[in-house]
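Peer 1: Return a 3D structure for these sequence lines:
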Amino acid sequence: QVQLVESGGGLVQPGGSLRLSCAASGSILSINAMAWYRQAPGKQRELVAAVTSGGTTNYADSVRGRFTISRDNAKNTVFLQMDSLKPEDTAVYYCNRAIYSSFSRTFAALGAWGQGTQVTVSS
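Peer 2: Residues are numbered from 1 along each chain as shown. Reported below is the predicted structural model:
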């Protein structure tokens, strides 16, 4: 099973930007969908963005227009470019393999969760 390691988090002021990376230990070429999730203190983990093998992207309403997900199959890496960051974006961010559920109309995570990377937006 492919192992995923997240990086790129940190402390940033409101309005700032960060780029998260998710490096896979093996090829992600055959993985249908990759996604970023986040979990804020005291809240449930939620889907942030997903990208399919065909390049179709999906975003949570709260980040659409500010975040951009992309995948580089040659480098076995998935990225999350986060712009115009807000304090409410503060959370631990995780990446995972995902599958789209037509029943729940969302991308459900498939693999084990990694350590994640902490993003803190504060002045």
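Peer 1: Centre-most residue in the protein?
Peer 2: Most central in the chain under CA atoms, centre = their mean is residue 36, positioned 1.9 Å from the mean C-alpha point.
Peer 1: Now do it against residue 54, distance only.
Peer 2: To residue 54, residue 36 is 18 Å away according to CB to CB, to the nearest Å. C-beta: built from backbone N, CA, C; applies to glycine.
Peer 1: quick one: residue 107 and residue 97 touch, right?
Peer 2: No: using CB atoms under 8 Å, residue 107 is not in contact with residue 97; the gap is 9.6 Å.
Peer 1: Which one's more surrounded, these two?
Peer 2: residue 107 (24 against 21; other CB atoms under 10 Å).
Peer 1: So that one: helix, strand or coil?
Peer 2: strand (DSSP: H, G, I helix; E, B strand; the rest coil).
Peer 1: Helix or strand next in line after the helix or strand bottoming out on mean pLDDT in the chain, which one?
Peer 2: Within the chain, no helix or strand scores below strand 106-109, which has a mean of 92 by mean pLDDT, DSSP states H and E. Once the chain leaves strand 106-109, the next helix or strand it forms, by DSSP states H and E, is strand 117-121.
Peer 1: which ones are touching residue 118?
Peer 2: Residues in contact with residue 118 (CB atoms under 8 Å, 6 or more residues apart in numbering) are 9, 10, 92, 93.
Peer 1: Could you find the two of these that are most distant from each other?
Peer 2: 10 and 92 (12.3 Å; CB to CB).
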